[in-house]
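Visitor: kindly return the folded structure for what I paste below:
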Amino acid sequence: MIPAFALSNMRAIETANLDLPDVEIQRSSTTQDAYGNALEVFTTISTSSAGLGKPSQRDLAIYADRIGELDAWLVRFAYGTDLQRNDQVVFPAPNAQTMRVQAVLTPRSYQVVVTGLVTAVR
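Guide: Next up is the predicted model:
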């Protein structure tokens, strides 16, 4: 077992290394337009720093049915961040981009960050 203080220190170090500020996490809800058609509407639920990296070949193989040929990335947030499948992650300028969470990756051991497998929204 890892002592609580050591795990807390690891989480603090990882959070300090998140180098992309002001990244929004948005969650969808469904509403209807004037004609009764369902519309997906996204609302920002939090804004925080994040880190971005490429997924491993193992991650790509496991989630191939969800991501297909889409350009996939791993996005990391501080431990305790509320992140769910189908959330949107919006990166501000100058790298403005919106990505969709395809999966939240849960480690088999101790979690120090929240990691999502995301694909670009086009």
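Visitor: what is the mean pLDDT for the longest helix that the chain contains?
Guide: If you go by DSSP state H, the chain has its longest helix at helix 4-16. For helix 4-16, mean pLDDT is 94.
Visitor: where's the nearest residue to residue 85 once chain neighbours are set aside, which helix or strand?
Guide: In space, residue 85 comes closest to residue 101 once its chain neighbours are excluded; the distance is 5.6 Å by Cβ to Cβ, 6 or more residues apart in numbering. In this view, the C-beta of every residue, glycine as well, is placed from N, C-alpha and C. For residue 101, the host element (DSSP states H and E) is strand 97-105.
Visitor: list the contacts of that strand.
Guide: For strand 97-105, the external contacting residues (Cβ atoms under 8 Å, 6 or more residues apart in numbering) are 59, 63, 66-67, 72-75, 83-91, 114-121.
Visitor: let's see 6 Å
Guide: Strand 97-105 is contacted by residues 63, 66-67, 83, 85, 87-91, 115-121 when judged by Cβ atoms under 6 Å, 6 or more residues apart in numbering.
Visitor: sheet partners, orientation included, of that strand?
Guide: The pairing partners recorded for strand 97-105 under DSSP bridges are strand 88-91 (antiparallel), strand 113-120 (antiparallel).
Visitor: sort out which residues of it are buried, please.
Guide: 99-103, 105 (16 or more other Cβ atoms under 10 Å).
Visitor: hmm, back to that, report pLDDT for the residue nearest to residue 85.
Guide: In this model, residue 101 is scored at 97, pLDDT.
Visitor: distance of it relative to residue 23?
Guide: 12 Å (Cβ to Cβ, to the nearest Å).
Visitor: residue 87 too?
Guide: 12 Å.
Visitor: outside of whichever helix or strand residue 41 is part of, which residues touch it?
Guide: Assignment of secondary structure by DSSP H and E places residue 41 within strand 38-53. With contacts defined as Cβ under 6 Å, 6+ apart, strand 38-53 is touched by 18, 20-31, 33, 73-77, 88.
Visitor: give me the buried entries from those residues.
Guide: Applying 16+ other Cβ under 10 Å to these flags 18, 20, 23-27, 73-77, 88 as buried.
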